[in-house]
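>>> Just to be clear, the model below is a prediction. Sequence and coordinates:
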Amino acid sequence: MKVYGITNCNTVKKVLDWLKANQVDYEFHDFKKLGVSEDKLNEWDKKAGYEKFLNKQGFTWKQLDPQVKESIKTSSDALKLLQQKTSMIKRPVIEKDDFLFFGFDEEIYSKLIK
């Protein structure tokens, strides 16, 4: 299992604590330190659609210039922005085999580790 996120995110902290408490092995990928590749964003977009992981509720999106927000008309536009501003990716991102999930849902996680 691979977990993508940033270490100072409360939701990511909650997920990592949950995984440890449930003795789930995972690899952590810190967006702030390691970034995220264009290929990975394209993969997620193909599987889920960028709308699923572009976090428009967060501080980073709210701080964007309105013209930048309005310029997001295609997945290509969104993915370029997400690669530059990784904190706008909904966190955490969980990958395990063909499973891909954005955010935290204990019920879904419980099913995943069985």
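Perfect, I can see it now.

>>> going forward, measure contacts between C-alpha atoms and count neighbours the same way
Noted.

>>> what are the ranges of the helices in this protein?
Under the criterion DSSP state H, helices of the chain are mapped to 10-21, 31-34, 38-48, 59-63, 66-70, 75-84, 106-112.

>>> Please identify the most buried of those helices.
Burial among these, expressed as mean neighbours by mean count of other Cα atoms under 10 Å, is greatest for helix 75-84, which shows a mean of 17.

>>> relative to helix 38-48, how tilted is that one?
In terms of direction (axes from the mean of the first three to the mean of the last three Cα atoms, to 10 degrees), helix 75-84 departs from helix 38-48 by 130 degrees.

>>> send the alpha carbons of helix 75-84 over as CSV?
Presented in CSV, the C-alpha positions along helix 75-84 are these (Å, rounded to 0.1, in the frame of the first residue of the first chain):
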residue,chain,number,x,y,z
SER,A,75,-7.7,17.9,-17.1
SER,A,76,-4.4,19.1,-18.6
ASP,A,77,-5.0,22.6,-17.0
ALA,A,78,-5.8,21.0,-13.6
LEU,A,79,-3.0,18.5,-13.6
LYS,A,80,-0.4,21.2,-14.4
LEU,A,81,-1.7,23.3,-11.4
LEU,A,82,-1.8,20.2,-9.1
GLN,A,83,1.8,19.4,-10.0
GLN,A,84,2.9,22.9,-9.0
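
>>> and it, what does it pack onto?
Counting contacts by 3 or more Cα pairs under 8 Å, 6 or more residues apart in numbering; DSSP states H and E, the secondary-structure elements packed against helix 75-84 are helix 38-48.

>>> go with 7 Å
Using 3 or more Cα pairs under 7 Å, 6 or more residues apart in numbering; DSSP states H and E as the contact criterion, no helix or strand is in contact with helix 75-84.

>>> So in the chain, where's the weakest helix or strand by average pLDDT?
The helix or strand with the lowest mean pLDDT-type score in the chain, counting by mean pLDDT, DSSP states H and E, is helix 106-112 (a mean of 89).

>>> Output it as CSV - backbone C-alpha positions only.
Taking Å, rounded to 0.1, in the frame of the first residue of the first chain, the C-alpha atoms of helix 106-112 are listed here in CSV:
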residue,chain,number,x,y,z
GLU,A,106,-12.6,4.0,8.0
GLU,A,107,-15.3,1.6,6.6
ILE,A,108,-13.6,1.5,3.2
TYR,A,109,-10.1,1.2,4.8
SER,A,110,-11.4,-1.7,6.9
LYS,A,111,-12.6,-3.6,3.8
LEU,A,112,-9.2,-2.9,2.0
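
>>> No further questions, thank you.
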